[in-house]
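Student: my questions are about this predicted structure, shown below with the sequence.
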Amino acid sequence: MQYNQILEDSTGSEHIIEIKDLCKSFDGTKVLKNITFYIRNNEFITLLGPSGCGKSTTLRIIAGFETADSGIVNFEGKDLKSVPANKRNINTVFQRYALFPHLNVFDNVAFGLKIKKVGKKEIEQRVNKALETVGLADYGERYIDQLSGGQMQRVAIARAIVNRPRILLLDEPLGALDLKMRKEMQIELKEMQRELGITFVYVTHDQEEALTMSDTIIVMKDGIIQQIGTPIDVYNEPKNAYVADFIGESNIVAGTMKKDREVVLSSGITFECVDPLFSEFTEGIANLVDVVIRPEDFYVDKEAEGRINGTVESLVFKGVHYEMIVRSDDNIEWLVQNVDPFAVGSRVGLYVDPDDIQIMRRSELSPDFGSFGIRHPGDKSQDTDSKSSSDAAEVKESEAKSDDVEDKEADED
Ligand SMILES: Nc1ncnc2c1ncn2[C@@H]1O[C@H](COP(=O)(O)OP(=O)(O)OP(=O)(O)O)[C@@H](O)[C@H]1O
Ligand SMILES: [Mg+2]
């Protein structure tokens, strides 16, 4: 297959990477199914999805540590297939930092350059610059076991950027840090990326992290891309129920549309919306749709005609707002956020601006109707994701050994 051109998109930005129809199976199980996307020069792009959806595999194929069964990875217009990992001008930062404990910080960062026989003076300049960039200018002499987790992570980043790659791949690089350090590093990484002018391809299963840092988010599930867009796009205009649920919290319920800009909820309440009928819909027939309403988009007021009327079942203070569960009279639980509290047991009426109602096509991803927080039938990823992350960390620990080897291989040339 010929695929040798750098396409321009509507932003006019050059695509540094173009990936087309990437497929990969392990032991007969397809883990990547026709993955196609591009990466713009200098952008911060994030692969987001639950454990096992194929994020790392995609990254490892870009890095050259894994070979795709079929499909193309173009880097600046050239097919990477026959380019070995260490010749790709791409560097990877792994979740487990894969640092050398017997070397100090300076030598860890200098390692790859020494192998490449870069001159002593240049090594010193480049390492010091890299350490400065990651905020470790005075740490060159320290040994790895004298560093905090966050500092180790910075050394790993310094070691990657000292090679001046065109692209930095980061696979859950903040996974081992505590929440506060994570948040700090998120902001620092974003600043670093701007400063360095390097394209970052970031992997995480943490939607908040993705929303905070990315220019573009790619939402994946079971080896398939569900949506590509800016953080605002995927949050405000989720393409399907899965994305709506995965990115932030949502109420997703069944509805029908008979005509443009009007949706009827399962309970029979009619709401104005901004969407026309989907092209395949027939006017005048109750076409099935999914209706997504974010908890923060409800207005809570007295019960009234045309509102979702119900009883407050729970009330929790969340710092800036209150979170309530309102059970409507048709027995649907609604997750609602409001700056003012309404007492448990009180009767309320909920309504929404037309702008804040998202209408989506029904699909196999449509949820069990009528529950917030959404459990997709047969999909346990939402349940297991947070719990499994500690297990995953252990698995990754053993994986880190092989990453370590690859990383060195990549450096060794
Ligand atoms: N070398 C391998 N051999 C066999 N199966 C593999 C291998 N590498 C990955 N897999 C499987 O491929 C699927 C995708 O794995 P991948 O590591 O890409 O997921 P991920 O999205 O990065 O998940 P996580 O968030 O847990 O890191 C998983 O089901 C995984 O078990
Ligand atoms: Mg992974």
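Tutor: Great, that's in hand. Ligands and ions are numbered 1, 2, ... in the order given.

Student: ramachandran coordinates for the residue nearest to the spatial centre of the chain?
Tutor: What sits nearest the mean C-alpha location of the chain, by Cα atoms, centre = their mean, is L48, with 2.6 Å. L48 adopts backbone torsions of phi -120, psi 130, taken as degrees, to the nearest 10.

Student: for the residue nearest to L196 when sequence neighbours are not counted, grab the count of nearby residues.
Tutor: Spatial nearest neighbour of L196, excluding adjacent residues (Cβ to Cβ, 6 or more residues apart in numbering): I161 at 6.2 Å. Any C-beta I mention is one placed from the backbone N, CA and C, and that applies to glycine too. By other Cβ atoms under 10 Å, the residues close to I161 number 22.

Student: quick one: residues contacting I161.
Tutor: The contact partners of I161, by Cβ atoms under 8 Å, 6 or more residues apart in numbering, come to N91, A130, T133, V134, L168, M192, L196, I198.

Student: check it and give its pLDDT.
Tutor: We have a pLDDT of 89 for I161.

Student: could you check how many residues crowd around the residue of the stretch 151-300 of the chain at minimum distance from ligand 1?
Tutor: The minimum distance from the stretch 151-300 of the chain to ligand 1, using Cβ to the nearest ligand atom, falls at H205 (4.7 Å). The tally of other residues near H205 (other Cβ under 10 Å) stands at 24.

Student: now do the same for it: its pLDDT.
Tutor: On the pLDDT scale, H205 is placed at 91.

Student: my read: it touches T46, true?
Tutor: No - contact criterion Cβ atoms under 8 Å: H205 and T46 do not qualify, at 10.5 Å.

Student: if we can go back for a sec, excluding sequence neighbours, find me the nearest residue to the residue nearest to the centre of the chain.
Tutor: Per Cβ to Cβ, 6+ apart, closest to L48 is A210, 4.3 Å.

Student: could you check how far C53 is from I35?
Tutor: From C53 across to I35, the span is 11 Å (Cβ to Cβ, to the nearest Å).

Student: which residues are in contact with each of those two?
Tutor: Listed as contacting both C53 and I35 by Cβ under 8 Å, 6+ apart are G223.

Student: just the mean pLDDT for stretch 132-142, thanks.
Tutor: Here stretch 132-142 scores 92 as its mean pLDDT.

Student: an error on my part: the question was meant for stretch 249-266.
Tutor: Per-residue pLDDT over stretch 249-266 has a mean of 91.

Student: same thing with stretch 316-331?
Tutor: The average pLDDT for stretch 316-331 rounds to 93.

Student: what parts of this structure come near ligand 1?
Tutor: Counting by Cβ under 6 Å from any ligand atom, the chain comes close to ligand 1 at 26-27, 31, 49, 51-57, 205, 392.

Student: among these, which two are most distant?
Tutor: The most widely separated members of the residues of the chain next to ligand 1, counting by Cβ to Cβ, are D27 and H205 (22.7 Å).

Student: report the residue ranges of every domain in this structure.
Tutor: The chain is divided into the following domains under automatic domain parsing: 15-236+393-411, 250-372.

Student: which of these has the lowest average pLDDT?
Tutor: Note on these: domain 15-236+393-411 shows the lowest mean pLDDT, a mean of 87.

Student: show me how far that domain is from its chain's centre.
Tutor: Relative to the chain's own centre, domain 15-236+393-411 is displaced by 14 Å; criterion: Cα atoms, centre = their mean, to the nearest Å.

Student: so which strand or helix has A254?
Tutor: Here A254 sits within strand 251-259, counting by DSSP states H and E.

Student: for that strand, which outside residues touch it?
Tutor: So strand 251-259 is contacted by 241, 244-245, 263-266, 275, 277, 281, 283-295, 332, 334-335, 359, 366-367, 369-370, 372, 374 (Cβ under 8 Å, 6+ apart).

Student: who wins for neighbours among the residues of the chain next to ligand 1?
Tutor: In terms of neighbour count, G49 stands highest of the residues of the chain next to ligand 1 at 28 neighbours, by other Cβ under 10 Å.

Student: and that one, what does it touch?
Tutor: Contacts for G49 (Cβ under 8 Å, 6+ apart) come out as K55, H205, V219, M220, K221, F246.

Student: all helices for the stretch 51-200 of the chain, in order.
Tutor: For the stretch 51-200 of the chain, helices defined by DSSP state H, counting those that start in this stretch occupy the ranges 55-63, 105-115, 120-133, 149-161, 179-196.

Student: if we ignore the residues flanking it in sequence, what's nearest G49?
Tutor: Computed as Cβ to Cβ, 6+ apart, the closest residue to G49 that is not its neighbour in sequence is M220, at 3.5 Å.

Student: show residues contacting the helix or strand containing that neighbour.
Tutor: In the assignment (DSSP H and E), M220 maps to strand 216-221. With Cβ under 8 Å, 6+ apart as the test, strand 216-221 has contacts from 37, 40, 43-50, 53-55, 58, 210-211, 225-231, 234, 242-243, 246-247, 381.

Student: restricted to buried residues, select the contacts of strand 251-259 in ChimeraX.
Tutor: Of the contacts of strand 251-259, the buried ones can be selected in ChimeraX as follows, counting by 16 or more other Cβ atoms under 10 Å:
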select :241,244,245,263,264,265,275,277,281,287,289,290,291,292,293,294,295,332,334,335,359,366,367,370,372,374
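
Student: out of the contacts of strand 251-259, which are inside strands?
Tutor: Counting by DSSP state E, the contacts of strand 251-259 place 263-265, 287-293, 334-335, 359 in strands.

Student: and the residues you listed, which two are the farthest apart?
Tutor: Top of the distance list for these (Cβ to Cβ): N287 and L335, 25.9 Å.

Student: distance check, the residue nearest to L211 when sequence neighbours are not counted against A160.
Tutor: Leaving aside its chain neighbours, L211 sits nearest to P231 (4.4 Å; criterion: Cβ to Cβ, 6+ apart). Distance, P231 to A160, using Cβ to Cβ: 24 Å.

Student: again with R194
Tutor: Relative to A160, R194 is positioned 17 Å away (Cβ to Cβ).

Student: looking at those two, which has the bigger crowd around it?
Tutor: Between R194 and A160, counted using other Cβ under 10 Å, the more crowded position is A160 (27 against 12).

Student: what's the neighbour count on the closest residue to that one other than its chain neighbours?
Tutor: Spatially, and ignoring its direct neighbours in sequence, A160 is nearest to N91 (4.0 Å; Cβ to Cβ, 6+ apart). Counted by other Cβ under 10 Å, the residues lying close to N91 total 25.
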